[in-house]
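Chemist: next come a sequence and a model predicted from it.
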Amino acid sequence: MIENQEQHPNLSYGRLRLWGAVGWALSSFAIGRAIAGQDIRLVFVYAAAFMLLGWLVAWRGTRGQGGHTPLAGERTWRGAGALFRNRRLVVLLALITFLQLGAASINTFYPIYMSELGASRPLIGTAYTLQGLSELPLYLLAAALIRRFKSGRVIALTFLVFAARMFAYSVIRAPHLAMMVEACHGFSFSLLLVASVDYINRLVPREWRATGQALFWAAYSGAGSILGNAWAGMLYDRLGVQGMFRANAALALAIAVAAVFLLREPANRSLLDSQHSDACYQGTKNGNIARLQDVIIGKLEARAEGRSRKHETDI
């Protein structure tokens, strides 16, 4: 998708990602009703069938388009070392990981939460359909919101919505009301996704954008989700599902406050220009230190040579 945007700059990431939300909404609604009163393992049969269909469509649609480019293949991870010296990127990845420490519980424990409230399988499927529908307008409006408020502020806002969403789970005891909370999904997940893609694309050089996005997903779906599910499981055993959501809401709120200060963007410069200026300053500073060292060493060597000649003359 990153390469596609390079070739078609008028096509935004949000407009492409929107179709994933359409598929999520339709499949959640249909499968939720298809498995009502049936063996729950049928979910995996339907999932495998749709994945196979998606693979066939992708395979047919990309045949004859040639090999991969450097952006899509061999350079994906080779730039990771250099990107870890990018302070702003490291801060974002750390915030995303800590957010997922709490927010991962939404994806994993939401069906358990709804079941404990007495929700039926069709109602749970409808809740996931509402998730997908809530994403659609946000993918369309995300670009305008990011231009207006900047991606750093939008990311901080999504953290706050995650916190409010989990707090709502912790106090709602009626399944139909809990289902309505899913209308916030677009303002949390979808907006976070588009804003993070924009933030990273403006933060790193063009040739390392694929690597930057890979690091984002490593933090979000990798480290954050792995640690978050383990953390949520421990909280669930000790506090119950609503107590778990309450504790994770407090964690997400703390991360949101930190993001407000740590993701501030330069007023009149792009993120990449700011990062380049910081690097130039550091390079100039290091260069000045090196030149000063050369001058001192040169003077010491000249003084030592002068003393040596004087000693030879005396002899």
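Modeler: Perfect, thanks for sending it. Since the structure is predicted, the reported quantities are computational estimates derived from the model, not experimental observations.

Chemist: mind listing what's buried along the helix or strand where residue 140 lies?
Modeler: Using DSSP states H and E, residue 140 maps to helix 121-149. Buried residues in helix 121-149, defined by neighbour count with 16 or more other Cβ atoms under 10 Å: 121, 123-136, 138-139, 142-143, 145-146. For the C-beta atoms, the positions are set from N, CA and C on the backbone; glycine is no exception.

Chemist: now what about stretch 92-104, what contacts it?
Modeler: With contact meaning Cβ atoms under 8 Å, 6 or more residues apart in numbering, stretch 92-104 is reached by 155, 159, 162, 166, 188, 196, 199-200, 203, 215-216, 219-220, 223-225, 227-229, 231-232, 247-249, 251-252, 255, 258-259, 262-263.

Chemist: next step: those restricted to helices.
Modeler: Among these, the residues falling in helices (DSSP state H) are 155, 159, 162, 166, 196, 199-200, 203, 215-216, 225, 227-229, 231-232, 247-249, 251-252, 255, 258-259, 262.

Chemist: buried ones among the residues you listed?
Modeler: So, by 16+ other Cβ under 10 Å, the buried ones in these are 155, 159, 162, 166, 196, 199-200, 203, 215-216, 225, 228-229, 231-232, 247-249, 251-252, 255, 258-259.

Chemist: and the next element down the chain from the helix or strand containing residue 81?
Modeler: Applying DSSP H and E as the criterion places residue 81 in helix 80-83. Toward the C-terminus, helix 80-83 is succeeded by helix 87-116 as the next helix or strand (DSSP H and E).

Chemist: just the pLDDT at the residue nearest to residue 84 when sequence neighbours are not counted, thanks.
Modeler: Nearest non-adjacent residue to residue 84, counting by Cβ to Cβ, 6 or more residues apart in numbering: residue 90, 6.2 Å away. On pLDDT, residue 90 comes in at 94.

Chemist: residue 90: neighbouring residues, count only.
Modeler: When neighbours are defined as other Cβ atoms under 10 Å, residue 90 has 13 of them.

Chemist: list the helices and strands the helix or strand encompassing residue 242 packs on?
Modeler: Following DSSP H and E, one finds residue 242 within helix 225-262. Here helix 225-262 touches helix 87-116, helix 151-171, going by 3 or more Cβ pairs under 8 Å, 6 or more residues apart in numbering; DSSP states H and E.

Chemist: quick one, the first one and helix 121-149 angle?
Modeler: So that's helix 87-116. Per axes from the mean of the first three to the mean of the last three Cα atoms, to 10 degrees, the angle that helix 87-116 makes with helix 121-149 is 160 degrees.

Chemist: pull out the buried positions in helix 87-116.
Modeler: By neighbour count on 16+ other Cβ under 10 Å, the buried set for helix 87-116 is 88-89, 92-106, 109-110, 113-114.

Chemist: shaky segments in the protein?
Modeler: Within the chain, the ranges that satisfy pLDDT under 70 run 1-22, 24-25, 28-29, 32-33, 37, 61-80, 266-315.

Chemist: now do the domain split for it, please.
Modeler: Per automatic domain parsing, the structural domains of the chain span 8-56+79-262, 270-305.

Chemist: follow-up on the earlier one: can you put the helices and strands packed on helix 225-262 in a markdown table and add distance to residue 237?
Modeler: Below are the helices and strands packed on helix 225-262 laid out as a markdown table (distance: least, Cβ to Cβ, whole Å):
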| stretch | distance to residue 237 |
| --- | --- |
| helix 87-116 | 12 |
| helix 151-171 | 16 |
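
Chemist: looking at those helices, which is closest to residue 44?
Modeler: helix 87-116 (14.3 Å; Cβ to Cβ).

Chemist: just checking, residue 89 touches residue 212?
Modeler: Yes: with contact defined as Cβ atoms under 8 Å, residue 89 counts as touching residue 212 (6.6 Å).

Chemist: overlap in contacts of these two?
Modeler: Here residue 89 and residue 212 have 83, 200, 203, 204 as joint contacts, going by Cβ under 8 Å, 6+ apart.

Chemist: excluding sequence neighbours, find me the nearest residue to the second one.
Modeler: Just to be clear, that refers to residue 200. Closest to residue 200 by Cβ to Cβ, 6+ apart is residue 212, at 4.2 Å.

Chemist: which SS class is that neighbour?
Modeler: Applying DSSP: H, G, I helix; E, B strand; the rest coil to residue 212 yields a three-state assignment of helix.

Chemist: tell me who's in contact with it.
Modeler: 83, 89, 200, 201, 203, 204.

Chemist: distance of it from residue 88?
Modeler: Applying Cβ to Cβ, to the nearest Å, the value for residue 212 to residue 88 is 11 Å.
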